[in-house]
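Asks: Following is a predicted model, sequence given first.
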Amino acid sequence: MRRYHIRAPHWLLALAACALTGTPTGATVATPTPGETGVSVGDIHYNACAVAYRHDGGNARAEFFIRVPYREIRFIPSGQQFEARLRVTVELLGRKGRRVGYQQREARVQSMDAEATADSLLGEIYTVGLVAPPAKYRYRITVEDMNVARRGLVYQMKNKKRQGEVLGDIDLSEWLLQNPAISGIEFAWDIKDRTTETPFAKGAYEVLPHPSAYYGAYRDMLAAYYEIYDAPPPVEGRSYRVRTMIFSSAGDTLLESLDSLRVTEGTAWPHTLHADVASLPAGHYRLRIDLLREGDLAIASSQGEFDMLWEVDSWSSDAADLYEVTARTLLSQEEAYGFRQLSRGEKEARLAELWRAIDPTPDTATNEARRDFRARIAYANTHYSVFEKGMLSDRGRIWIQFGEPDDIKIERLPVSDKTLGYAVDGQIPKTSKDMLTKPGQGVVDTRPFEIWTYNLRGHETIPRRRMNEVSAGMKFVFVDEQGYGDYTLRYSSVSGVR
């Protein structure tokens, strides 16, 4: 496993990734899979992708690219510097989950600058290669922060570390060994001629991986690397014509270009491409590369997907969480489900339409609704962050949706007649009170709590039809179940808000 530390702008660290594989010769180009694939789930947010290449001896090779923002890992003082410890595990899984390939390494990440350790300007890129017989595989990529134990007594007893996981599929089957063939497409942030030893060497090139395949505001020139495979050329050499096409998510052809390549020896030839994509609006796109013969018939093809992002928010390392909060605040449950299936670029485009539709002053440069929404998110992150970002917490969710309450009753150490049972007596229905307080304790329930009261309907960013039921105010009860300051919404007077 090769590791490379790179200082990069914050937008380069906000990476979501997709698995990129080649397309078998003669195969129909598939419709892009919706959603943000390759984004980790769990405690650590990072991004990864996989690319298919041919290997010696009739085997295939999967190359994995992983990028972990510094802000996602914990640095601890170590002498005059700060140090983080990561463990990266990559597994290639065959039929019935049998492990075909495996690599695990631990890495130490060091910094002399305390502020840099929490800055999204810094990150780590890891590359891993696994060789396997031709087949279709499932893969699992796990990144663990060895400095931080996972929350929960069970995890601590088992010495489990804070971690994130990416699951995906990669096609390394026989199409990759046919002649001719094109490898998977490795999207790049930058490609240049190789002049020194580098962990990102690809033949004569240095290819800086860009696993998110995000282009737009900070990079409007798409770059990609791939390899062409074929039988050894004859003595006089062999020429190829290569067609590059970019399609919209609807399948419309937006760009088409032709290139040529002449080879005189070998069986594998590195190739790169650059495409100006500055004119493409926010959205999800598909890049296809065809090897052509007479009559422009494709004899080998490969494809990959990328997104165009033009808003700063879309590039931030908090983008996934911000999109989730926006969806559950502004959209219905059904709409939010559909929104979550979109790619990053499609989400940006969808939200841009939504914000335009609710702009109270569309003729001005400022969208007050969006400004106020971001202010609520900032407040929630500042005041309600405990084990997770405040905007993801229950209190943050209600604050963002309904604004500042007219009254907040807080009891951190409730005793006597200040306990939860006394506080909600007569304020909420008895059946709800019986469910809210601990069985057998009733009014002597001593858990910390907060009661938020809105005299009327609050101040929703987008008023909803279901809010018509509210005529005499709203009430929300939050309880700190474990005494750690993490408050859970245990009662809501508004149906559909739980």
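Replies: Perfect, thanks for sending it. Numbering: from 1, shown residues only.
Asks: Skipping adjacent residues, who's closest to residue 382 in space?
Replies: residue 390 (6.8 Å; Cβ to Cβ, 6 or more residues apart in numbering). Where you see a C-beta, it was placed from the backbone N, CA and C, and this is true even at glycine.
Asks: Can you get me a residue count around residue 213?
Replies: Using other Cβ atoms under 10 Å, the number of residues around residue 213 comes to 29.
Asks: May I ask you to confirm that it is in contact with residue 303?
Replies: No. The criterion here is Cβ atoms under 8 Å, and residue 213 misses it with residue 303 at 11.9 Å.
Asks: related to what we said a few turns ago, isn't the residue nearest to residue 382 right next to residue 384, touching?
Replies: Yes. With contact defined as Cβ under 8 Å, residue 390 counts as touching residue 384 (3.5 Å).
Asks: Name the residues contacting each of these two.
Replies: Shared contacts of residue 390 and residue 384, defined by Cβ atoms under 8 Å, 6 or more residues apart in numbering, comprise residue 396.
Asks: higher neighbour count, those two?
Replies: Under the criterion of other Cβ under 10 Å, the comparison of residue 390 against residue 384 puts residue 384 first, with 24 against 20.
Asks: residues in contact with that one?
Replies: Residues near residue 384 by Cβ under 8 Å, 6+ apart: 390-391, 393, 395-396, 399, 487.
Asks: Tell me which strands the helix or strand where residue 285 lies pairs with, and in which orientation.
Replies: According to DSSP states H and E, residue 285 maps onto strand 283-293. Strand 283-293 sits in its sheet next to strand 238-248 (antiparallel), strand 297-309 (antiparallel), going by DSSP bridges.
Asks: What residues of the longest one count as buried?
Replies: This means strand 297-309. Residues of strand 297-309 classed as buried: 298-309 (neighbour count, 16 or more other Cβ atoms under 10 Å).
Asks: What is the nearest of the residues you listed to residue 230?
Replies: Proximity of the buried residues of strand 297-309 to residue 230 (Cβ to Cβ) peaks at residue 300, which lies at 8.4 Å.
Asks: how many other residues sit next to the residue nearest to the closest one when sequence neighbours are not counted?
Replies: Excluding the flanking residues, the one nearest residue 300 by Cβ to Cβ, 6+ apart is residue 291, at 4.1 Å. Each residue near residue 291 was counted by other Cβ under 10 Å, and the total is 22.
Asks: Report the contact partners of residue 291.
Replies: 180, 182, 228, 240-242, 298-301.
Asks: ok, of those, which one's closest to residue 347?
Replies: Ranked by distance to residue 347 (Cβ to Cβ), those are led by residue 301 at 28.3 Å.
Asks: May I have the beta-bridge partners of that closest one?
Replies: Here residue 301 sits in beta bridges with residue 23, residue 290, going by DSSP bridges.
Asks: Please tell me I have it right and it contacts residue 287.
Replies: No. Counting by Cβ under 8 Å, residue 301 stays clear of residue 287, with 11.1 Å between them.
Asks: Now do the buried residues in stretch 370-386.
Replies: Under the neighbour-count criterion of 16+ other Cβ under 10 Å, stretch 370-386 has 370, 373, 376-377, 379-381, 384 buried.
Asks: which residue sits closest to residue 78, ignoring its sequence neighbours?
Replies: Using Cβ to Cβ, 6+ apart, the nearest residue to residue 78 is residue 110, at 7.6 Å.
Asks: That neighbour is in what secondary structure piece?
Replies: strand 99-111.
Asks: What is that strand packed up against?
Replies: Secondary-structure packing of strand 99-111 (3 or more Cβ pairs under 8 Å, 6 or more residues apart in numbering; DSSP states H and E): strand 2-7, strand 81-93, strand 122-132.
Asks: change it to 6 Å
Replies: strand 81-93, strand 122-132 (3 or more Cβ pairs under 6 Å, 6 or more residues apart in numbering; DSSP states H and E).
Asks: Any idea how many residues pack against the nearest residue to residue 458 once chain neighbours are set aside?
Replies: Using Cβ to Cβ, 6+ apart and skipping residues adjacent in sequence, the residue nearest residue 458 is residue 402, 3.2 Å away. Applying other Cβ under 10 Å, we find 22 residues neighbouring residue 402.
Asks: hmm, back to that, pull out the CA atoms of the strand holding residue 110 and give them to me as PDB.
Replies: What follows is strand 99-111, C-alpha atoms only, in PDB (Å, rounded to 0.1, in the frame of the first residue of the first chain):
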ATOM      1  CA  ARG A  99     -11.900 -13.400   0.800                       C
ATOM      2  CA  VAL A 100      -9.900 -13.400  -2.500                       C
ATOM      3  CA  GLY A 101      -7.600 -10.500  -1.700                       C
ATOM      4  CA  TYR A 102      -6.600  -8.700   1.500                       C
ATOM      5  CA  GLN A 103      -4.300  -5.900   2.500                       C
ATOM      6  CA  GLN A 104      -4.000  -4.100   5.800                       C
ATOM      7  CA  ARG A 105      -1.600  -1.400   6.900                       C
ATOM      8  CA  GLU A 106      -1.300   1.100   9.700                       C
ATOM      9  CA  ALA A 107       0.000   4.600   9.100                       C
ATOM     10  CA  ARG A 108       1.100   7.400  11.300                       C
ATOM     11  CA  VAL A 109       0.100  10.900  10.200                       C
ATOM     12  CA  GLN A 110       2.200  13.700  11.700                       C
ATOM     13  CA  SER A 111       1.800  17.500  11.800                       C
END
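Asks: Just the buried residues of that strand, please?
Replies: Residues of strand 99-111 classed as buried: 100-101, 107, 109, 111 (neighbour count, 16+ other Cβ under 10 Å).
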